[in-house]
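K.L.:
Turn this into a structure:
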Amino acid sequence: MKYFFLFGLLLLSGVTYSCSCILLGKIDEKQYNEYDLIIKGKIIRLEEKNFARIIYIKVDTYFKGGQNTTTIKVESPSQSGMCGIFPKIGEQWLVFAYKKGNSYNTSLCTRTKNLNPKAWDFKKDGIDDDLKFLEGKLEATAYALQVGKK
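P.N.:
The predicted structure follows:
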């Protein structure tokens, strides 16, 4: 009887969903071009609204997009099953985001990474590869602007 109860309880329990993302591999031009915003910055404020986490970031470096403010707002799902990110105030992050309407959105399925070496998902090689690529893009852009002014 005890086993029937357990089996019935398992059958009646709701369906659960988990986050599933495609492995992105090393960053390249195609991936770079897919994002509307790429920044490096410090998390300064977090809000929860419905199923969204609103993340306010003090931008250290703009690699792409939105370059007119020192602080930018990015949204992420607030549920891990919806692939939300879970930053903490004070942490440094490298954020890759898409523009959706008037807001930027990110998730675990983008290249967004916590830059804290003590983070559970910290991958130094992946972060170093991304930053090297992005810094090269910044240098190329700065050079092109210099040449264009001459």
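K.L.:
What is the burial count for R111?
P.N.:
20 (other Cβ atoms under 10 Å). The way it works is simple: take the backbone N, C-alpha and C, and place the C-beta from them, glycine included.
K.L.:
typo on my end, Y104
P.N.:
Neighbour count for Y104, taken as other Cβ under 10 Å: 24.
K.L.:
State whether N68 is indeed within a helix.
P.N.:
No: per DSSP: H, G, I helix; E, B strand; the rest coil, N68 lies outside any helix segment and is coil.
K.L.:
So for the helix or strand harbouring Y56, what gets flagged as buried?
P.N.:
Taking DSSP states H and E as the definition, Y56 sits inside strand 52-64. Neighbour-count burial for strand 52-64 flags A52, R53, I55, Y56, I57, V59, Y62, F63, K64 (criterion: 16 or more other Cβ atoms under 10 Å).
K.L.:
what residues does the helix or strand just after it touch?
P.N.:
Using DSSP H and E, the helix or strand that directly follows strand 52-64 along the chain is strand 71-77. The list of residues contacting strand 71-77 from outside it, by Cβ atoms under 8 Å, 6 or more residues apart in numbering, reads 37, 39, 41, 44, 51-59, 66, 83-85, 95, 97, 103-107.
K.L.:
after strand 71-77 comes which helix or strand?
P.N.:
strand 92-100.
K.L.:
Show the average pLDDT along that next one.
P.N.:
The pLDDT scores in strand 92-100 average 96.
K.L.:
Show me what it pairs with in its sheet, parallel or antiparallel.
P.N.:
strand 37-49 (antiparallel), strand 103-105 (antiparallel), strand 113-114 (antiparallel) (DSSP bridges).
K.L.:
Which among these is found nearest to I22?
P.N.:
strand 113-114 (16.0 Å; Cβ to Cβ).
K.L.:
So what touches that closest one?
P.N.:
Here strand 113-114 makes contact (Cβ under 8 Å, 6+ apart) with I85, P87, E91, Q92, W93, L94, D121, F122, K123, G126, I127, D130.
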